[in-house]
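In: this one's sequence-less:
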């Protein structure tokens with residue numbers, strides 16, 4: 001039996017992929033992934049067997065990747081960002097038995113966006129997805145409240161979609177209870193890939209119409225400040 005690699009491909013641009021991720025994708029026989037993610041790396045895998053599915057086909061992709069390995073093929077199943085953060089690592093480990101598995105880490109969206117915004121997550125931070133497809137919204141709200149109350153820097157994934165408009169508004173209503181209205185907020189769309197858009201706002205002035213599923217939001221803590229178009233969160237050094 002061959003090996004199954006769970007590969008984080010980063011935000012999508014080649015320069016943000018790890019050397020290990022590129023190496024694995026070049027050597028495997030089969031690559032499994034979501035259609036859009038496959039397109040981001042297609043030039044790397046043109047000579048491979050490619051198995052792709054549409055949105056919300058995560059479990060199907062896991063089954064197809066496991067089956068490919070059982071059929072004697074070194075296989076990579078891909079996730080954008082890091083495969084262990086809202087990616088394929090969890091379901092593969094839950095489903096696969098008796099298979100050699102290796103997780104290849106990638107650059108998650110919060111880190112990519114942070115690099116483009118300055119230094120917003122220099123201190124303790126939380127990543128919270130606003131998607132309620134797999135997690136009850138009431139639980140998500142409780143986590144937002146806990147993070148905001150504890151003054152974490154907060155990174156929001158999957159903040160707004162065509163069918164999910166109100167969650168981002170509710171999230172900021174909760175955050176506004178604990179964070180000053182002038183707290184800086186970084187809004188990065190298509191982080192690390194073509195078409196990138198970067199905007200800096202505040203908790204009180206954020207424009208929800210600028211936000212969609214391709215956006216990562218980073219909200220500072222009480223010490224965060226803006227300077228020269230960047231967000232900086234002090235680590236606590238005596239400077």
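Out: Nice, I can see it. Quantities reported herein were computed from a predicted structural model and do not represent experimental measurements.
In: show me the helices in this structure, by range?
Out: Applying DSSP state H to the chain gives helices spanning 19-27, 35-40, 58-70, 89-95, 109-117, 137-149, 166-176.
In: of these, which is nearest residue 221?
Out: Closest approach to residue 221 among the helices of the chain (C-beta to C-beta): helix 137-149, 9.7 Å. No exception for glycine: its C-beta is placed from N, CA and C like everyone else's.
In: which of the residues in that closest one are buried?
Out: Within helix 137-149, the residues that count as buried by 16 or more other C-beta atoms under 10 Å are 140, 141, 144, 147, 148.
In: now the helices of the chain in JSON lines, with mean pLDDT and distance to residue 78?
Out: JSON lines is the format used below for the helices of the chain (pLDDT from 0 to 100; distance: least, C-beta to C-beta, whole Å):
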{"stretch": "helix 19-27", "mean pLDDT": "96", "distance to residue 78": "8"}
{"stretch": "helix 35-40", "mean pLDDT": "93", "distance to residue 78": "6"}
{"stretch": "helix 58-70", "mean pLDDT": "96", "distance to residue 78": "9"}
{"stretch": "helix 89-95", "mean pLDDT": "97", "distance to residue 78": "11"}
{"stretch": "helix 109-117", "mean pLDDT": "97", "distance to residue 78": "15"}
{"stretch": "helix 137-149", "mean pLDDT": "98", "distance to residue 78": "26"}
{"stretch": "helix 166-176", "mean pLDDT": "97", "distance to residue 78": "27"}
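In: tell me which of these sits most buried.
Out: Of all these, helix 109-117 carries the top mean neighbour count, a mean of 23, counting by mean count of other C-beta atoms under 10 Å.
In: which residues sit against it?
Out: Contacts of helix 109-117 with the rest of the structure, by C-beta atoms under 8 Å, 6 or more residues apart in numbering, involve 10-11, 16, 80-81, 120-121, 125, 127, 155, 157, 186, 188, 191-192, 196, 198, 200, 216, 218, 230-231.
In: how far away is the residue nearest to the spatial centre of the chain from residue 162?
Out: Centroid-nearest residue in the chain, with C-alpha atoms, centre = their mean: residue 109, separated by 4.2 Å. Going from residue 109 to residue 162 by C-beta to C-beta, to the nearest Å gives 20 Å.
In: residue 53 too?
Out: From residue 53 across to residue 162, the span is 21 Å (C-beta to C-beta).
In: compare those two and say which is more crowded by neighbours.
Out: A direct count of neighbours by other C-beta atoms under 10 Å for residue 53 and residue 162 places residue 53 higher, at 16 against 7.
In: ok, back up a step: now a PyMOL select for only the buried ones of the contacts of helix 109-117.
Out: A single PyMOL command selects the buried members of the contacts of helix 109-117 (16+ other C-beta under 10 Å):
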select buried, resi 10+11+16+80+81+120+121+125+127+155+157+186+188+191+192+196+200+216+218+230+231
